[in-house]
Structure formats: C-alpha cells, structure tokens
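Engineer: pasting the sequence and the predicted model now:
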Amino acid sequence: MRDSTWITRMLAISLVVLGVIVFFIGSKDVSSSDKLGEQLGSSEQADWSPAKVQYQSDLKPPAAQIPNQPVNNQPLQASKAPVQPTPAKTIAAQAAPKKAPTNKQPPKRTFTTTYAFKSYTPKYVVAWADPSNYGDRFATDINGTPISNPPIIVLHETTNSAQSAVNTFRSNNSQDENRQVSYHTLIARNGLVVYLVPPDKRAFGAGNSVFDGLNGPETVQTNPTLKPSVNNFAYHVSLETPPDAWDKNVSSHSGYTDEQYNSLAWLVAQSDVPDERITTHRTVDRSGQRIDPVSFDFDKFYSILHSFRELAIN
C-alpha cells in the first residue's frame, strides 16, 4: 500500500512538472515579429487618402526618439503620429539636382492606388535609427557633378530577427564608420511596417554597389574614402528573415510570409518608382558578398503590387 501511494504521488508530481515544461515551451513558440509588435505597440491607422496623406519626412521625431546612446536593452516605443510615406516622391524631391539632367530619361510615369490597396492597411510603428547610421542626400558627387539619378527601391533581408535589426540601427556608431548601417523601412514577419529612416535621408543600406538600369550603370560617390554606391538615390526596404535562416549563410530558406509580401506591395504602391527600378541588394552589390533577399518570389510580389496600383491616366 505504501508503495502504491508513493507511486501515485510521483506520477502526480511528474504530470505537474510536464505541464509546466509544456507551458514554457508553448510560450516560446511566438514569432519574433509578434514580440516586436508587442514591444513597439500598434499605432492607430488613419484612412488612406491622397488629400490626407502625411509624408514621413514631414514628421520631426521627438528628441527622446533619437537616442545618443545605445538602447539595445530598452523596449522600443511606438509613435502615435500617423505615417503614410510616399518614399519615391520624397526621394525625387530631395535628390533632384539644381541643374536639368544631362542624360536622357524615359517619360515619367505616375501611378494611382486601387481599391485593393485601400482595403489593406498594415500596422506600423516608428523606431527612428540613431543619426549616426544615416546621412543627407547630396545634389552633387565628390567632384561637384550634379546628380540626376531617378530613385530606385532596393530590397534586402535581415540576418536575424526584426528586433535585432532595430537594436542595431538604434545604436550610436559615430565612432566606427564601418558599423554604420540602416534601412529606410523594415517589414516584420507578421507584416508590421517599421519606419527607421526618413525617406529624404540617405540610409546606409548598400556599400560598393551599382544599379544597371535603362540609362546604363548608375552609382554615386559621396565619400572619397568609400566606394561609390546607390545609397544617394535608393530607398532601402528589408524583410525580416525566417527563423530557420537566422545567423546562417544560406542561399535559400523557407521564404517570406504573405503578410510581408502584402505590406511590401502596399509600401511600394505609394511611390512612382516603376517596376524596372525595383531591385535587390544581391543585384546592385559589387563586393560579391551580398545575396539578399534569398528565396524572394518576384512573381508573387509583382502580382500583388499590380493589384495595388495602376498607371495614372494623364
């Protein structure tokens, strides 16, 4: 009888311990992008309207949102200000040279958004990068030559979680130029749009890089100590990589979520950047070291983008 009672008690204790273990394992089975959303909070979305749209460059972040010290261990705060950026239009206005372009440009095309675009509204937050990780866009290169490159959009992916990337960008790297890096926007696995650098600023998304467009090779050197790059006329957007590729040098992985493709198309649809000037870090890179975004489905992306915007009838 004593043995029977002892065995019963041990079984009960074992079941309790097992239940606790299962609970903690289950609590860890939450995507990093969901946690990022919880830490950042969600901002109230304003209805999209051409008359109401507020460009991100019009917003001046409070001083508290531009830290002078690393904040890797501090939770990020969401901005309550409505942000509906039109990156390409802002880029074009800021990067346009004072003189008329000397090279021939194709006729400018403008786009209008569709009902499908207005029916999709992703959550977003603002988490400004530290000022040491981005700079100004220049109207001339290091030789004083006017810059007339139309804007491009460069797609990337993170090497780890979205939270890890945001922490990196919010760290002060003013003492180490080699660690200065940023994107304009990051899209988490759950479709959350994280604004990091205002579109009128030059994000440090690509190093030695060239865009091969209809006008031939395009690149700009704005720093005499660094290789020419596309940064001066690029809008950099990164997708959070899936967990199976975190901190791994892989040529393929499980891919991106539907929410990421939808939010990316939603973001790009607000610009006038044509399809042929949407590219990848892998394509523009000249260092031979960048292959992102891997496993990106351009057919899927363009299908959604074309449902979100269409050529305007002039």
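Structural biologist: That came through fine. Numbers count the residues shown, from 1 in each chain.

Engineer: what about the nearest residue to residue 234 once chain neighbours are set aside, how many neighbours?
Structural biologist: Here the nearest residue to residue 234 in space, its sequence neighbours aside, is residue 154; by CB to CB, 6 or more residues apart in numbering that works out to 4.8 Å. C-beta: built from backbone N, CA, C; applies to glycine. When neighbours are counted by other CB atoms under 10 Å, residue 154 registers 28.

Engineer: equivalent analysis for residue 247, please.
Structural biologist: For residue 247, the neighbour count with other CB under 10 Å is 9.

Engineer: which ones are touching it?
Structural biologist: Applying CB atoms under 8 Å, 6 or more residues apart in numbering to residue 247 gives the contacts 159-160.

Engineer: the residue nearest to residue 234 should be in a helix, yeah?
Structural biologist: No - counting by DSSP: H, G, I helix; E, B strand; the rest coil, residue 154 is not found in a helix; it is strand.

Engineer: who's it bridged to?
Structural biologist: Note on residue 154: beta-bridge partners residue 236, residue 279, judged by DSSP bridges.

Engineer: contact partners for it?
Structural biologist: Per CB under 8 Å, 6+ apart, neighbours of residue 154: 205-206, 230, 234-237, 279-281, 284.

Engineer: tell me the one of those nearest residue 162?
Structural biologist: Proximity of those to residue 162 (CB to CB) peaks at residue 237, which lies at 12.7 Å.

Engineer: which residue packs closest to that closest one, ignoring adjacent ones?
Structural biologist: Nearest one to residue 237, counting by CB to CB, 6+ apart, is residue 185 at 4.9 Å.

Engineer: run through the strands of the stretch 51-200 of the chain in chain order.
Structural biologist: In the stretch 51-200 of the chain, the strands defined using DSSP state E, counting those that start in this stretch lie at 111-113, 124-126, 134-136, 152-157, 185-187, 193-195.

Engineer: which elements pack onto the last one?
Structural biologist: Read it as strand 193-195. If contacts are counted by 3 or more CB pairs under 8 Å, 6 or more residues apart in numbering; DSSP states H and E, strand 193-195 sits against strand 124-126, strand 185-187, helix 258-268.

Engineer: still on that earlier bit, from residue 273, how far off is the residue nearest to residue 234?
Structural biologist: 10 Å (CB to CB, to the nearest Å).

Engineer: what residues are shared contacts of those two?
Structural biologist: Joint contacts of residue 154 and residue 273 (CB under 8 Å, 6+ apart) are residue 235.

Engineer: circling back: need the helices and strands packed on strand 193-195 in TSV (columns: distance to residue 289, mean neighbour count and mean pLDDT).
Structural biologist: Below are the helices and strands packed on strand 193-195 laid out as TSV (distance: least, CB to CB, whole Å; neighbours: other CB atoms under 10 Å; pLDDT from 0 to 100):
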stretch	distance to residue 289	mean neighbour count	mean pLDDT
strand 124-126	30	24	95
strand 185-187	21	27	97
helix 258-268	24	22	98
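
Engineer: low-confidence bits of the stretch 1-150 of the chain, can you list those?
Structural biologist: Counting by pLDDT under 70, the stretch 1-150 of the chain has low-confidence residues at 1-107.

Engineer: repeat that for 90
Structural biologist: For the stretch 1-150 of the chain, applying pLDDT under 90 flags the ranges 1-109, 148.

Engineer: spatially nearest residue to residue 164, not counting backbone neighbours?
Structural biologist: Residue 164 sits nearest to residue 158 (CB to CB, 6+ apart), 7.2 Å away.

Engineer: neighbours of that neighbour, how many?
Structural biologist: Neighbours of residue 158 under the rule other CB under 10 Å: 24.

Engineer: what's it in contact with, if anything?
Structural biologist: So residue 158 contacts 164-165, 186, 238-241 (CB under 8 Å, 6+ apart).

Engineer: what of residue 196?
Structural biologist: By CB under 8 Å, 6+ apart, the contact list for residue 196 reads 127-129, 166, 169, 182-186, 203.

Engineer: how about residue 282?
Structural biologist: Residue 282 makes contact with 290-294 under the criterion CB under 8 Å, 6+ apart.

Engineer: that one and residue 145, how far apart?
Structural biologist: Applying CB to CB, the value for residue 282 to residue 145 is 28 Å.

Engineer: ok so, going back, would you turn the contacts of residue 196 into JSON lines with distance to residue 121?
Structural biologist: What follows is those, written out as JSON lines (distance: CB to CB, whole Å):
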{"residue": "127", "distance to residue 121": "19"}
{"residue": "128", "distance to residue 121": "22"}
{"residue": "129", "distance to residue 121": "24"}
{"residue": "166", "distance to residue 121": "22"}
{"residue": "169", "distance to residue 121": "25"}
{"residue": "182", "distance to residue 121": "25"}
{"residue": "183", "distance to residue 121": "22"}
{"residue": "184", "distance to residue 121": "20"}
{"residue": "185", "distance to residue 121": "16"}
{"residue": "186", "distance to residue 121": "18"}
{"residue": "203", "distance to residue 121": "24"}
